[in-house]
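Participant: no sequence on this one, just coordinates:
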């Protein structure tokens, strides 16, 4: 009797174990089925494609300030970071040597004028004597030559005087336009080299007009054919997240440049910063809308499958079956793809391949 009870208990234990294994296996299968049957709903939405790139903000007007003459800095009127208006004094060079040059040129001019007056009187006198027959032709011609030579000497002296006055006026350097002073590292008493035909000259400072900014970017050779001057753009900024600004492409370079071994075309986008604290040098995200499909039947990109150029989706039917259905596609972006034929709004499609087709 006891032996029979033991056998019954053993059989019951074995049965319970088998039932437990079956139950766990079924739960695992159900979980796997649930995980493979993730679906998404076909929707109607607007799909927009765009060229995305980054840009750097730069002022439209930025000027390197140089002196036109050599000299020693006598006075500095501004400091780095100052805001200036057009015509404001920036620096003034020492005028002692240039003033001496002007004085010398003035004395030379006055001397040449006196010589011209004498030569003119001599020529007029010789001309009168020639009419009366009291002078030889050679003497008259010599007097005329001296007169003309004196005229040329006066012109040369006038040129030297004008040059000396011009150089003296160039000792005062003023702002060519409104802006902010940057890159100014000068000291009074410092000797500077001016720009000339044989020398680029020393950059004294830079002035940036912050009232007019532009975004400078590069578009790769594949995308540049999609854009044109005049197209609208959207600028956003990581450093100024609240700013979403519309801009316009104002320039596309005619030739490509090699950047990291990729051929890219520099472009310029003009925009108005409005009240946002956007400054030169910061980075911007540039989005150039290319094409829009309005009210398009669409699915997420992960729901579309492609094999041998065939495009299809897996439709999840209400009875639990899965249908592989070919579709025709239209415009797409990184998130959605338009379905022009094969689906309708509200249908459910899988976003992963099913393990088998048909009823599970």
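Facilitator: Okay, I see it. Just so you know, these numbers come straight off a predicted model, no measurement behind them. Numbering: from 1, shown residues only.
Participant: where does this protein dip in pLDDT?
Facilitator: 1-37, 197, 356-360 (pLDDT under 70).
Participant: if we use 80, what do you get?
Facilitator: Low-confidence segments of the chain (pLDDT under 80): 1-37, 132-133, 135, 196-199, 355-360.
Participant: how about the helices in it?
Facilitator: Using DSSP state H, the helices of the chain run over 2-36, 96-132, 137-169.
Participant: residue 259 and residue 53, how far apart?
Facilitator: 11 Å (Cβ to Cβ, to the nearest Å). Glycine gets a C-beta too; all of them are placed from N, C-alpha and C.
Participant: neighbour count for these two, which is higher?
Facilitator: For residue 259 versus residue 53, the count of surrounding residues by other Cβ atoms under 10 Å is larger for residue 53: 19 against 11.
Participant: hmm, residue 215 and that one touching each other?
Facilitator: No. The criterion here is Cβ atoms under 8 Å, and residue 53 misses it with residue 215 at 9.9 Å.
Participant: what residues are shared contacts of the two?
Facilitator: residue 286 (Cβ atoms under 8 Å, 6 or more residues apart in numbering).
Participant: show me what contacts the closest residue in space to residue 44 that isn't next to it in sequence?
Facilitator: Nearest residue to residue 44 in three dimensions, chain neighbours excluded: residue 345, at 5.1 Å (Cβ to Cβ, 6 or more residues apart in numbering). Residue 345 makes contact with 42-44, 297, according to Cβ under 8 Å, 6+ apart.
Participant: could you turn the buried ones of these into a ChimeraX selection?
Facilitator: Remark: buried members of these, expressed as a ChimeraX selection using 16 or more other Cβ atoms under 10 Å:
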select :42,297
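Participant: sort out for me which of the contacts of residue 345 are in strands.
Facilitator: 43-44, 297 (DSSP state E).
Participant: name the nearest residue to residue 333, ignoring sequence neighbours.
Facilitator: Using Cβ to Cβ, 6+ apart, the nearest residue to residue 333 is residue 49, at 5.2 Å.
Participant: could you verify my assumption that the one you found touches residue 287?
Facilitator: No. If you go by Cβ under 8 Å, residue 49 and residue 287 don't touch, sitting 10.5 Å apart.
Participant: what's near enough to touch residue 223?
Facilitator: So residue 223 contacts 51, 53 (Cβ under 8 Å, 6+ apart).
Participant: which non-adjacent residue is nearest residue 135?
Facilitator: Nearest to residue 135 is residue 129, by Cβ to Cβ, 6+ apart, at 4.1 Å.
Participant: shared neighbours of residue 259 and residue 53, anything?
Facilitator: In contact with both residue 259 and residue 53: residue 218, using Cβ under 8 Å, 6+ apart.
Participant: closest to residue 189 out of the contacts of residue 345?
Facilitator: residue 43 (73.4 Å; Cβ to Cβ).
Participant: would you confirm that the closest one contacts residue 298?
Facilitator: Yes. With contact defined as Cβ under 8 Å, residue 43 counts as touching residue 298 (6.0 Å).
Participant: in the sheet, who's paired with residue 244?
Facilitator: With DSSP bridges as the criterion, residue 244 is bridged to residue 236.
Participant: err, residue 213, not the other one
Facilitator: residue 59, residue 271.
Participant: residue 248 versus that one, what's the distance?
Facilitator: 13 Å.
Participant: dump the residue contacts of the spatially most central residue of the chain.
Facilitator: Centre of the chain computed as the mean C-alpha position; nearest residue by Cα atoms, centre = their mean is residue 216, 0.8 Å away. Listed by Cβ under 8 Å, 6+ apart, the contact partners of residue 216 are 55-58, 266-269.
Participant: just residue 297 next, same as before
Facilitator: Residue 297 neighbours (Cβ under 8 Å, 6+ apart): 42-44, 338-340, 343-345.
Participant: these two touch, right, residue 233 and residue 269?
Facilitator: Yes. Contact criterion Cβ under 8 Å: residue 233 and residue 269 qualify, at 5.3 Å.
Participant: got any residues that touch both of these two?
Facilitator: With Cβ under 8 Å, 6+ apart, residue 233 and residue 269 have common neighbours 215, 247-249, 286.
Participant: show me those residues that map onto strands.
Facilitator: 215, 247-249, 286.
Participant: so which of these wins on neighbours?
Facilitator: residue 215 leads these on contacts (other Cβ under 10 Å) with 26 neighbours.
Participant: could you pull out the strands for the stretch 201-350 of the chain?
Facilitator: 203-208, 213-220, 232-236, 244-252, 257-259, 262-271, 283-300, 305-307, 310-316, 322-326, 328-332, 336-341, 348-350 (DSSP state E, counting those that start in this stretch).
Participant: can you put these in CSV and add distance to residue 71?
Facilitator: Formatted as CSV, these follow (distance: least, Cβ to Cβ, whole Å):
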stretch, distance to residue 71
strand 203-208, 11
strand 213-220, 34
strand 232-236, 44
strand 244-252, 38
strand 257-259, 39
strand 262-271, 37
strand 283-300, 40
strand 305-307, 72
strand 310-316, 74
strand 322-326, 81
strand 328-332, 64
strand 336-341, 66
strand 348-350, 78
